[in-house]
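**Q** My questions concern the predicted model and sequence given below.
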Amino acid sequence: MTAASKPTKTKRNDLQGIRGFAILSVLGFHFYPNLFPNGYLGVDQFFVLSGFLMCMLLTKSQKLPIFQIFSEFYIRRFKRILPLYFLFILCTMFALYTVFPDTAIFQNQASAGKALLFVSNRPHTGDEDYFEKLSIAMDLFTHTWSLSVEIQFYIFVPLIFLIGVQLKGSMRYGYYTTLVTLSFMLHLFSSPIVFFNSVFARVWQFLIGMMTYFISRSRFVQHEKNIRRPEESEKTTDEKVRLMEENQDLTTEAVNKTANLVTKCIILALMISVVLLPKELDSVSARAFFTFFTGVLIVLSVEDVILNSRVMIYLGDISYSLYLIHWPVYAYVKLIYKSNFWILTGALLVSILLAMIVYEFFEKWYLKQSNAVITVLVLVLFLSNVFYINKDTIQKSMEKKEEVSLTPERKYPRLDEMRDNMTLDDAEKMNAYWNQHDHMGPELQEPHSVRRHPDHKWFDFQENGTEFKILLTGSSYVKNHHKLIIQECKHRATIISIDEVTGCEPLAAPHRKIDNGKFDASWAAGCPAQLIEFVEFVKTTQPDYAFLLTRWFAVGEPYDTNENDLEHDSIYIEMKSQLKKILPNIKRKLFILDSFPRTNVDNIKNIAREMKEGKKTMEEINKSLYNPTSFERGRRRHAELVKKECGSKCELIDYVDAFWNKTMNAFQYFDNQGFSYFTSGSHLSAHGLEHLSIAMDLFTHTWSLSVEIQFYIFVPLIFLIGVQFKGSSRYGYYAMIVTLSFMFYLFSSPTVSFNSVFARVWQFLIGMMTYFISRSRFVQHEKSIRRPEESEENQEDNVRLMEENPEITAEKVDKTANLVTKCIILALMISVVLLPKELDPVSARAFFTFFTGVLIVLSVEDVILNSRVMIYLGDISYSLYLIHWPVYAYVRLIYKSNFWILTGALLVSILLAVIVYEFFEKWYLKQSNAVLTVLILVLFLSNAFYINKDTIQKSMEKKEEIPLTPERKYPRLDEMRDNMTLDDAERMNANWNQRDHMAPELQEPNCVKRNAAYDWCEFEGNGTEFKILLTGSSYVINHHKLIIQECRDRAISISKHSEIGCEPLASPHKSVENGGFTAWANYCPGILAKFVDSVKETQPDYVFFLTRWFAVGEPYDTNENDLEHDTVYLEMKSQLRKILPNIKRKLFILDSFPRTNVDNIKNIAREMKEGKKTMEEINKYLYNPTSFERGRRRHAELVKKECGSKCELIDYVDAFWNKTMHAFQYFDNQGFSYFTSGGHLSAHGLEHVRPIYKKICASL
């Protein structure tokens, strides 16, 4: 070939440029997802390029034997991929162990194992997702899913290729098109998880890359044939093709540059526009577009200034290193620094720098090595990874484990693997292990669960017992506790079912922003929907016993009013609603884990180290761990719920008692050896789980007295019916009732059989029957030995003596036979009591009941029951039964199971019972009925008052009657009277703060719900002139009674519609500033339509918009003079245009006014009493001008331009303006606040604005 005829060779640098473009897209998507939401499409470009490269490699070796085709292909690809990939995994694991938080280790050890085997594209399990949902870890290997897909495609791509090369021309393209279509259809109709991860749903992208190779090659061959000179042979053309295959060369002179360049530039512009678009496109369409046109870019091989630029080519060269390296760098920064833009940018630059170093000094080096060197390198790196990833498991397996002997008291090995003589070094190591593994530690997992339903994460454990079914539900605390509970209950349970939802609670969903420390709380948004899931799980399972196990976020939220007004508390109302749905599906009992203090988790890792250093006492270390956030509110709501809605069917599990240290007088987070009870993931460690014990009810033992007293109600009736029968008929009557009651006992649930008076009647009746038997035996004996001189009257006297003194019968019966029988029965009963193993309760109870009756009938004396000690214990038994339990409960809670302390408590109980018996019981039994009646009444009333003292104290406050006049038709809402003092102001302000807008004096009764689907209700008016609608936020509830009072006389009806926090004219577009309580803002966009619907359905004459204006006061998009381009103002206009046509006469809008620094309201009266500050100074501390001026500006513009005379603004700035202070005034001269700490108007504030509404209502 002559020099003139040689084609100019130019390497396909544009392919590297496409790689550069793809990696930039991916980097943008990962580091700046809000700016580049479509950057994920870069991965799709990588797949097309990989398909092109695979096809080129396979084409080169297609003439070789089949085995060599496969081996050549795999050697080339693995040589390129594996060394860097395995080095990346090793380095990432080193970073994981050294700089990442402990909570990230366990998840990423598992992820590294999957990455090492190229199965990262398997979807995450719920357990793996848990860590990321809480943002306590990120999967450092999540991006390796794409390499896993590619490697998996390598398995069958040679086969696809070999079939394809048997076909020629259009047949080959038809074959590949068919496979592309089938794969794309799978991608199109699969679930998002499948189409994202499945290799079969990605085949179409690789195949499009392969087809671009065939098209490029055929175009080149055809061109060569067209221009071939006579002196050039077929061999020369083949040589050019070989050059193209080896060097990815195409002659720049061989194509029509101009047409290709224009087409290429248009496609590039479109693709760049898609990546730069700040709005996410439909993923299927975008993916299809990028995949197809990446193929077109490859075919259009003409040079361009973008893809062929040196920067893009170099980015393409380092793209593999950069793709692997960038994600762990990003993950570290995201975990530690969250979303700081400049730190993320710095991390991006660090990623690029590291990729350059790796490319220049490792990637280039290993690509030049022989296959033998690469094989050794890959093996060394692979084995190093295997050992390094599993180092904790290997290390643990090599530790010598001390065998723990099992006993009847301990049927299973300890979860925490504690042993004797452990040191602070052991504690440091174990605490680190528990932090890393959190509640997912292998030792806390019970195997052999069966998933019950594919659509739900409900699992069942089949167990060994036959007595009952148990259900565990709640948050990750279910996963944390399930093995412990299964171990303790499995021998009696038939089945134990579990369901866990990360972070969510079965009784309530968060209504406000979650305080979850450093951890993310985005999971909270999904919790309202999960409430149905919890109910459904219980309904489907129908358990005998259920455990609600969770950390309580929602249940611990601030009260809507105060702790004594839970009936108006939204969280408590939701808890009641959930309980009413759940409880009927539980057959016996519900156990609820009560709220307990949280942990400052960052300090857990320091416990053992600080104990070793000795600079801090245990109390100081423990104090640094204590976090009391919200748990007292949770305990208050739980207590009220169990007391009022659940009773004996519910029981609280109290960890405060379990972890309370009496010496420290504090909740204890670790033991004396430095072993932590909690993990840095806020779960109980294995050691904490082993520590657990249950809290006790001081009055639980009084159930038996309750049953006895209830039986007293109908025992006279049973007796009077019984005495009508004689002889065997009477015994038949009692035997029938005994049988019925025993059958009821036998077939009832354990709760009913234990507590119900009807399930205990048989035991009382057996006692009654023993009396009749004893009496009849005595009478029969008297008749058989009667002397002639004894009259019937003498016999009756003897019976009376027996009844009053049963012991005299011992002289009148056959002693020997009775004594032997009695001794045998006593021996059996004592043996049962002393037996260290629990017997079947039904059999044991029947045995004891029947033979206690026999003992009564056998009245002969014996040395045991007739001993002075036993007789005196019987005398004090009533006092001792009542007294012993509170003493035991106190000792058990404070000192746990210390044998000697428990023994001391028993002796104290006996001593107290002796004192009570000798000095009170004996005394009152001698008193007359009149004295006893007075005593009982005094004690009963004292208890009634003492138990309810808080409620009574509140109701006894004196209320002064205020005369009504034509000017004042209703009593004052604030109950103000003359001559009130600053002490009164302090008390009243506190009362208004506690009750807020839900105070009873602000509620108008008899609101009839208009629509079951919405929270709209209607008050009937007394007039005939017009209809009124009040709509808005909680300000509607705050104001409604005042407006009803002023307008009712003329209104036909007054309708009320309120949505917490939301506004009828706009929803928040930016973060709401509301002191942290902003969760409701997420729901407001969906509420706008409800405001429109309420007005449409009501068709009122007059409407009042009553709300605090958050959205309306947001910062302007540009400035206050450019509202026509302001998002909030445009939404206000849109809403007004939907609402206004449905209002017949006029719309009143409460205008924006300054907010209140609510924390200072409680100090107003106190600071006025102290006299250290002037009224102006106190008022100044209350002033919060945030955003209200912007709200007033938008309202004024809206009314002026869009509404005119049909709208009117209600202005509180004028109403509360103090001209002397020249300020918005928050309280009056006597210290009574106009506002509450909940941000509403107090009753006093409402009375202050009453003239405004009086005037409006009069003018309607």
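**A** Great, that's in hand.
**Q** give the contact list for F547.
**A** Contact analysis of F547 by C-beta atoms under 8 Å, 6 or more residues apart in numbering lists 470-474, 481, 485, 590-593, 653. All C-beta spots, glycine's among them, are computed from the backbone N, C-alpha and C.
**Q** Quick check: of those residues, which lies closest to A759?
**A** Minimum separation from A759 among the contacts of F547 (C-beta to C-beta) is found for L590, which lies at 20.3 Å.
**Q** Show residues contacting the strand or helix carrying that closest one.
**A** With elements delineated by DSSP states H and E, L590 resides in strand 589-593, which encompasses its position. Residues from elsewhere that reach strand 589-593, judged by C-beta under 8 Å, 6+ apart: 474, 477, 507, 544-550, 582-583, 638, 642, 646, 649-653, 655, 751.
**Q** just checking, what packs against the helix or strand following it?
**A** Using DSSP H and E, the helix or strand that follows strand 589-593 in sequence is strand 598-599. Strand 598-599 makes packing contacts with strand 626-627 when contacts are defined by 3 or more C-beta pairs under 8 Å, 6 or more residues apart in numbering; DSSP states H and E.
**Q** roughly how far is the strand it packs on from the heart of the chain?
**A** In this view, strand 626-627 has its centroid 20 Å away from the chain centroid, taken as C-alpha atoms, centre = their mean, to the nearest Å.
**Q** ditto for stretch 437-445
**A** Centroid displacement of stretch 437-445 relative to its chain, using C-alpha atoms, centre = their mean, is 19 Å.
**Q** again, but for stretch 184-191
**A** Here stretch 184-191 is found 33 Å from its chain centre; the criterion is C-alpha atoms, centre = their mean.
**Q** what's the answer for stretch 977-984, then?
**A** When C-alpha coordinates are averaged (C-alpha atoms, centre = their mean), stretch 977-984 and its chain have centres 47 Å apart.
**Q** State the mean pLDDT of it.
**A** Along stretch 977-984, the predicted local confidence has a mean pLDDT of 87.
**Q** buried ones in that stretch?
**A** Residues of stretch 977-984 classed as buried by neighbour count (16 or more other C-beta atoms under 10 Å): 980, 982, 984.
**Q** how long is that stretch from one end to the other?
**A** For stretch 977-984, the first and last residues are 10 Å from each other (C-alpha to C-alpha, to the nearest Å).
**Q** Turn the buried residues of stretch 977-984 into TSV, columns for secondary structure.
**A** Listed next are the buried residues of stretch 977-984 as TSV, based on DSSP: H, G, I helix; E, B strand; the rest coil:
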residue	secondary structure
M980	coil
L982	helix
D984	helix
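**Q** wait, which of these is closest to M769?
**A** Distance to M769 across the buried residues of stretch 977-984 (C-beta to C-beta) is lowest for D984, with 67.3 Å.
**Q** Okay, the closest one and N562: tell me how far apart.
**A** Taking C-beta to C-beta, to the nearest Å as the measure, D984 and N562 are separated by 19 Å.
**Q** you'd agree L1136 is up against L1065?
**A** Yes. In this structure L1136 lies within contact range of L1065 using C-beta atoms under 8 Å: 6.6 Å.
**Q** who touches both of the two?
**A** With contacts defined as C-beta under 8 Å, 6+ apart, the residues adjacent to both L1136 and L1065 are L1198.
**Q** between the two, which one's more packed in?
**A** Neighbours of L1136 and L1065, each counted by other C-beta atoms under 10 Å, are more numerous for L1065; the result is 25 against 21.
**Q** Helix, strand or coil: sort out the more buried one for me.
**A** Secondary structure state of L1065, per three-state DSSP, is coil.
**Q** who's in contact with the closest residue in space to it that isn't next to it in sequence?
**A** Nearest residue to L1065, sequence neighbours excluded (C-beta to C-beta, 6 or more residues apart in numbering): M1132, at 4.4 Å. For M1132, the contact set (C-beta under 8 Å, 6+ apart) comprises 1065-1066, 1112, 1194, 1198.
**Q** which pair in those spans the largest distance?
**A** Taking C-beta to C-beta as the measure, the contacts of M1132 reach their widest spread between A1066 and L1198, a distance of 10.2 Å.
**Q** So if I had to pick from these two, which one is more boxed in?
**A** The neighbour comparison of A1066 against L1198 (other C-beta under 10 Å) goes to A1066, with 27 against 21.
**Q** Surely the more buried one is in contact with Q1135?
**A** Yes. Shown here, A1066 and Q1135 form a contact pair, counting by C-beta under 8 Å, at 6.8 Å.
**Q** tell me, what's touching the two both at once?
**A** Shared contacts of A1066 and Q1135, defined by C-beta under 8 Å, 6+ apart, comprise L1088.
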